[in-house]
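> With the input below, show me the fold.
(4 chains)
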2 protein chains.
Amino acid sequence: MQRCAPEAPLYEGELIEEGALFHALADPARLRILATLARADDERCVCDFTVGLALNQSTVSHHLKILKAAALVIGERRGTWGFYRLAPGARERIERALERTLPAAVRA
Amino acid sequence: MQRCAPEAPLYEGELIEEGALFHALADPARLRILATLARADDERCVCDFTVGLALNQSTVSHHLKILKAAALVIGERRGTWGFYRLAPGARERIERALERTLPAAVRA
DNA sequence: GCCGTGAATCGATGAATGTCAATGCAGGCC
DNA sequence: GGCCTGCATTGACATTCATCGATTCACGGC
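Next up, the predicted model:
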C-alpha cells in the first residue's frame, strides 16, 4: 500500500472506557430502563421493568447488572424488593465521554 | 409476582434507533476513527486508519461501513483512494439521542 | 487491453451477547 | 422451622459481532 499523504497519525487515545460506556447504552431494553429512571426522579422497583419490558425476569436482572457495572444506575435491596435509581452524574459522564470523542470546540 | 406499587408504567418509546446509534459508538476502533475525523476538520484517507489502527484493511472497511450506515461519517472515493470525513451534525445527532433518553431538564 | 493498487465485499471463524429456563438466595410471614 | 416471594445467578442456546484471508471491484498507468 502506498501512502496518499506523507504523514497522518490518528487520535492516540484508546477510548476503551468510552466504548464500554456506549456499549452499555447500545441496547433498547437498557435505554428504556434508563429513560424510565431518568423521568422518575426516584427509585423504581425491579418488578416494574419485568412487567413493562416484554422480557424474562432474569433478562431484566442481567441488563440491570450491566447498567450498574457501567455506573449508570445504583441499586438497593429493601426486603424482598429491589429498587434502582439513576446514578448521580450519569448523564454528565456520558456527555464527558462524548466530549472526549467528538469535541464540540472546533479544532485548531 | 406481586406488585410493590399499585401502578408504574415505564417509558413508552422504543429507542431502537437510539440503540443502533450508540451501538455504532460501542467499539474503540470506531471511536478512534471518529475522534480522528473530529480533530481533522477535513477528510482522511482510508489508508490512514489501516496503518494507525492495528487492524486488517477489511476490518477497517467494515467499521467505516457501520459508521456510514449510522450517518456519522460520509465517504467519498477519488481515484484509487477513499476519503472519509465526519458527517455534518454527527455530534448533534448523538446529543439529541442522549437527550431523548436522559433529558437534562428535570422532570415534571 | 493488461497490470498494479487501494478499497469494498464475501466467507469463515471464534468470541461476545441477549434471551430464557432452572436453580440459588435472602427476607418476610405462618 | 417451613414456606412463599422477589431478585440474582448459572447454564444453555441462538444470534450477533469483530476479525481475518481471499476475492472482487474501480480506477490509473503502461
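> What's the mean pLDDT across stretch A:50-59?
In this model, stretch A:50-59 has a mean pLDDT of 93.
> What is the end-to-end distance of it?
End-to-end distance for stretch A:50-59, by C-alpha to C-alpha, to the nearest Å: 9 Å.
> just how off-centre is that stretch within its chain?
The gap between where stretch A:50-59 is centred and where its chain is centred comes out at 19 Å by C-alpha atoms, centre = their mean, to the nearest Å.
> do that stretch and chain B meet?
Yes: using C-beta under 8 Å from any C-beta of the partner chain, we find that stretch A:50-59 touches chain B at A:Thr50, A:Gly52, A:Leu53, A:Gln57. For the C-beta atoms, the positions are set from N, CA and C on the backbone; glycine is no exception.
> Tell me the secondary structure at whatever residue of chain A ends up closest to DNA strand D.
Nearest residue of chain A to DNA strand D, counting by C-beta to the nearest atom of the strand: A:Ser58, 2.9 Å away. Three-state assignment for A:Ser58 (DSSP: H, G, I helix; E, B strand; the rest coil): helix.
> what about it, how many neighbours?
As a burial measure, A:Ser58 scores 8 neighbours (other C-beta atoms under 10 Å in any protein chain shown).
> before we move on, what about A:Arg30?
Every residue meeting other C-beta under 10 Å relative to A:Arg30 is counted, giving 25.
> Wait, A:Ala97 touches A:Glu17, no?
Yes: look at A:Ala97 against A:Glu17 with C-beta atoms under 8 Å: they come within range, at 7.5 Å.
> quick one: which of the two has more around it?
With neighbours defined as other C-beta under 10 Å, A:Ala97 and A:Glu17 compare such that A:Ala97 has more, 20 against 14.
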